[in-house]
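[1] Here's my sequence, what's the structure:
(2 chains)
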Amino acid sequence: MWSIVEADLRLWLRMPQAVLVSVLVPLVVLILPALAGTVGTGYTVAVVDDQPAEIRAALMTSPYLRTVVMSRADAAVAIARGEVAGAFDSVGSELILSVAPYGNDDVRRNLVMRQQAVLAELNVARLIERDVPHVVLKERGLLQSMPTDQAYLAAGALVFAGLFSGLANTAYVTAREWEQRTIRGSLTSPVPVCAVLGSKLLTGTLQSLLGVAVAYGFVTLALDVLPVGNPWLLAAALLATVAGSGSLGLVVGVRFGKTVPAVLFSVVVSLAAWFVGGGFAPITLEPPELQTLARVLPPTYALAAGQHLVNGGSAVPVLAATTGIAALSVIVALAVSTTMVRRVGGAS
Amino acid sequence: MELVVVDELVKVYSGRVVLDRVRFSVDAGRALALLGPNGAGKSTTLAILCGLLRPDAGRATIAGLDVAHAARAAHRALGVVFQEPVLYPSLTGRENLRLSAGLFGLRRDRRARRIAEVLELVQLSDRADERVAAYSGGMKRRLDLARALLHDPSVVLLDEPTLGVDVQTRAVIWDHVRRLRDEGRAIVLCTNYMDEAEELADCMLVLDQGMTLAEGTPAELRASVPGARSMNDVFLALTGRQLRD
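    Next comes the predicted model:
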């Protein structure tokens, strides 16, 4: 079995274009978090009507905010439904900013920055009057554990590197055997079919480690997102992600038997699974149908593990789920692809 | 001793019978040529013999081992040269053989020696460390033959081994086939060249549309067609002149 892996790795290293594809596609997706710092403007914010008219008017006329006036109760509902990013309310001299539960540090920073401009104008006016206390900001309802958009996307992109690399590399090394008809050499040897296929999965997994390593370097060095979780657990989660998606790549490679369609299919499937599974935004923001789909997709659990290990949270349950799913995927994929190979022989 | 036995093989694709109760056997030190026009069932027979396809009925054995049920053991006794060489162009000749040695479980101490032996046999020792992509068609054929012989099989299957090679390479491959037969191996040769079959085979089996049309030594087949001046005449008399797709 190791003979096949050794030969495949040698072939891979002698094909610069294959190495480039392994590394470049995850990097392209990693550009998303780099861009995340520039997006997120234009949130709609509720202004509670039951507050001093002076403050309410200042908020509503501010050019820095897009506001909608509503009652305190309606604002709470709108926040819960995610219809507004936050709400401004006042009690005495305190201006209270409440942020939607799905919001994160980016939302908070954005609103605070805009609100401070309003406050500055308001306080200047009050200072002139001299006898009115300053309005100060108090935050409430903020989920401090939520990462920034950039950190969230960085974790998702890191997992995407594992998803895509595992799927595409394994699909490629497997499909190539049928495309070049070299699979017949292995299938007419004493090595069992499942061991031949297992060696393809191992090759794809080993090749993918380069893509994942480059993605990790990009996330930590270029994006300055430092994973807070145990690095060994993160490595284990990414390895399980690669092996799990590689198992699908094995079936894809045998089914297609051609490298180009197999890799294109891998790109589409890994991007779709990444998007639905919460790589781009939390699945709670997705329509209910997609949320249901996400819950049955293995990448969802890999992405959850990645988020917990990069941005904090209880990683062990999702890591256990990811590892278990990956192990099960490998077993099922080997069984399915072995049956497919026995059916078509070396003639696919 | 019968090293290859094909007994009442049947294979059906999408309702079409491509092999219809084909049977033959090959003893040690003998060579059988499988002949037939395109679509006759030659390649399907070889695919079943080397375990790439399962028959719908009948059985095929290599060195007494059923290839459908004891494939791993049967493969140890089997060397296969396919119509297109089973080689990785980006690996060197030696690396290709090293891979094959690993697949057949040759021990490390024996591996290097055996690779050197087969490279010498096919006269590629001096080019062994070049990538196969730089080899000519004939060199690839010879290297593929070396790959098939690496584990010293007792049965060798050859599917069109001289297709598209020059006269010199063809002569070299013929010499190797004769030597293999003389060493006591059983040879099954699938070819479209009648002169090749007549030159190398002790026995010929003519297939068409999955059925056996004739079987016998070259002399017996010639005798069966009165007035035939060559094996080509025998072949055309048996299979007809209609073009096959």
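
[2] got a list of what residue A:195 touches?
    Each residue near residue A:195 by Cβ atoms under 8 Å, 6 or more residues apart in numbering or on different chains is listed here: residue A:1. (Glycine included, C-beta is placed from N, CA and C.)

[3] Next one, pLDDT for it please.
    As predicted, residue A:195 sits at a pLDDT of 93.

[4] can I assume it sits in a strand?
    No. With DSSP: H, G, I helix; E, B strand; the rest coil as the criterion, residue A:195 is located in helix rather than a strand.

[5] What's the separation between the most centrally placed residue in chain B and chain A?
    The residue lying closest to the centre of chain B (Cα atoms, centre = their mean) is residue B:158, at 1.6 Å. Per Cβ to the nearest Cβ, to the nearest Å, residue B:158 is found 13 Å from chain A.

[6] Apart from its neighbours in sequence, what residue is nearest the residue in chain B positioned nearest to chain A?
    The nearest approach of chain B to chain A comes at residue B:102, 2.4 Å away (Cβ to the nearest Cβ). Excluding the flanking residues, the one nearest residue B:102 by Cβ to Cβ, 6 or more residues apart in numbering or on different chains is residue A:3, at 2.4 Å.

[7] swap in residue A:198?
    The nearest residue in space to residue A:198 (Cβ to Cβ, 6+ apart) is residue A:334, at 6.1 Å.

[8] What average pLDDT does stretch A:70-85 get?
    82.

[9] Just the CA atoms of that stretch, as CSV, please.
    What follows is stretch A:70-85, C-alpha atoms only, in CSV (Å, rounded to 0.1, in the frame of the first residue of the first chain):
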residue,chain,number,x,y,z
MET,A,70,-40.4,52.0,17.2
SER,A,71,-41.6,51.1,20.6
ARG,A,72,-39.4,49.5,23.2
ALA,A,73,-41.3,46.2,22.8
ASP,A,74,-41.2,46.3,19.0
ALA,A,75,-37.5,47.0,19.1
ALA,A,76,-36.9,43.9,21.3
VAL,A,77,-38.9,41.8,18.8
ALA,A,78,-37.1,43.3,15.8
ILE,A,79,-33.7,42.6,17.4
ALA,A,80,-34.7,39.0,18.2
ARG,A,81,-35.9,38.5,14.6
GLY,A,82,-32.7,40.0,13.3
GLU,A,83,-34.7,42.8,11.5
VAL,A,84,-32.5,45.4,13.0
ALA,A,85,-28.8,45.2,14.0
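
[10] so what does the one helix or strand the residue nearest to residue A:198 maps to touch, helix or strand wise?
    Assigned by DSSP states H and E, residue A:334 falls within helix A:315-344. The contact analysis (3 or more Cβ pairs under 8 Å, 6 or more residues apart in numbering or on different chains; DSSP states H and E) places helix A:315-344 against helix A:193-217, helix A:231-256, helix A:298-311.

[11] cutoff 10 Å now
    helix A:149-179, helix A:183-187, helix A:193-217, helix A:231-256, helix A:298-311 (3 or more Cβ pairs under 10 Å, 6 or more residues apart in numbering or on different chains; DSSP states H and E).

[12] Need the winner for burial among those.
    Across those, the average number of neighbours (mean count of other Cβ atoms under 10 Å in any protein chain shown) peaks for helix A:149-179, which reaches a mean of 29.

[13] do that helix and chain B meet?
    Yes. Using Cβ under 10 Å from any Cβ of the partner chain, helix A:149-179 reaches chain B at A:176-177.

[14] any idea of the angle that helix forms with helix A:315-344?
    Between helix A:149-179 and helix A:315-344, the angle formed by their directions is 20 degrees, by axes from the mean of the first three to the mean of the last three Cα atoms, to 10 degrees.

[15] now helix A:149-179: mean pLDDT?
    In this model, helix A:149-179 has a mean pLDDT of 86.

[16] relative to helix A:298-311, how tilted is that helix?
    On the basis of the same axes, to 10 degrees, helix A:149-179 is oriented at 140 degrees to helix A:298-311.

[17] how far out from the middle of the chain is helix A:149-179?
    13 Å (Cα atoms, centre = their mean, to the nearest Å).

[18] That helix versus helix A:231-256: what angle between them?
    Going by the same axes, to 10 degrees, helix A:149-179 makes 40 degrees with helix A:231-256.

[19] Provide a list of residues in contact with the residue of the stretch 1-150 of chain A at minimum distance from chain B.
    Minimum separation of the stretch 1-150 of chain A from chain B (Cβ to the nearest Cβ) falls at residue A:3, amounting to 2.4 Å. By Cβ atoms under 10 Å, 6 or more residues apart in numbering or on different chains, the contact list for residue A:3 reads A:186, A:189, A:191, A:199, B:98-106, B:111.

[20] State the mean pLDDT of the longest helix along chain B.
    In chain B, taking DSSP state H as the definition, the longest helix is helix B:167-182. Mean pLDDT, computed over helix B:167-182, is 87.

[21] Show me chain A divided up by domain.
    A:2-36+A:148-344, A:42-129 (automatic domain parsing).

[22] Can you tell me which of the ones you listed has the worst average pLDDT?
    domain A:42-129 (a mean of 75).

[23] so how far is it off the chain centroid?
    Centroid displacement of domain A:42-129 relative to its chain, using Cα atoms, centre = their mean, is 30 Å.

[24] Kindly check the end-to-end length of stretch B:211-231 for me.
    19 Å (Cα to Cα, to the nearest Å).

[25] actually stretch A:57-68, not the one I typed
    Start-to-end span of stretch A:57-68 (Cα to Cα) is 12 Å.

[26] got it, and stretch B:144-154?
    End to end - Cα to Cα - stretch B:144-154 spans 17 Å.

[27] and the end-to-end length of stretch B:158-165?
    15 Å.

[28] picking that back up, and the helix or strand hosting the residue of chain B closest to chain A, what does it pack onto?
    Following DSSP H and E, one finds residue B:102 within helix B:93-103. On a contact count with 3+ Cβ pairs under 10 Å, 6+ apart, helix B:93-103 meets helix A:2-13, helix A:183-187, helix B:108-121, helix B:137-149.

[29] what does the stretch 1-150 of chain A have sitting close to chain B?
    Checking the stretch 1-150 of chain A against chain B by Cβ under 10 Å from any Cβ, the hits are A:1-8, A:10-15.

[30] at 8 Å instead, please
    Counting by Cβ under 8 Å from any Cβ of the partner chain, the residues of the stretch 1-150 of chain A close to chain B are A:2-4, A:6-7, A:10-11, A:14-15.

[31] so which of the residues you listed is the most crowded?
    When neighbours are taken as other Cβ atoms under 10 Å in any protein chain shown, the top entry among the residues of the stretch 1-150 of chain A next to chain B is residue A:4 (25 neighbours).

[32] need the contact list for residue A:322.
    A:237, A:240-241, A:244, A:298, A:301-302, A:304-305 are the contacts of residue A:322 under Cβ under 8 Å, 6+ apart.

[33] circling back: of the helices and strands packed on helix B:93-103, give the one that comes closest to residue B:186.
    helix B:137-149 (13.6 Å; Cβ to Cβ).

[34] Can you confirm whether the closest one lies near chain A?
    Yes. Under the criterion of Cβ under 8 Å from any Cβ, chain A is reached by helix B:137-149 at residue B:147.

[35] what's the model's confidence in that helix, averaged?
    If you average the pLDDT over helix B:137-149, you get 91.

[36] Could you please name the strands the following helix or strand past it pairs with and the direction of each pair?
    Remark: after helix B:137-149, the chain's next helix or strand is strand B:155-159, criterion DSSP H and E. Applying DSSP bridges, strand B:155-159 is found paired with strand B:78-81 (parallel), strand B:186-190 (parallel).
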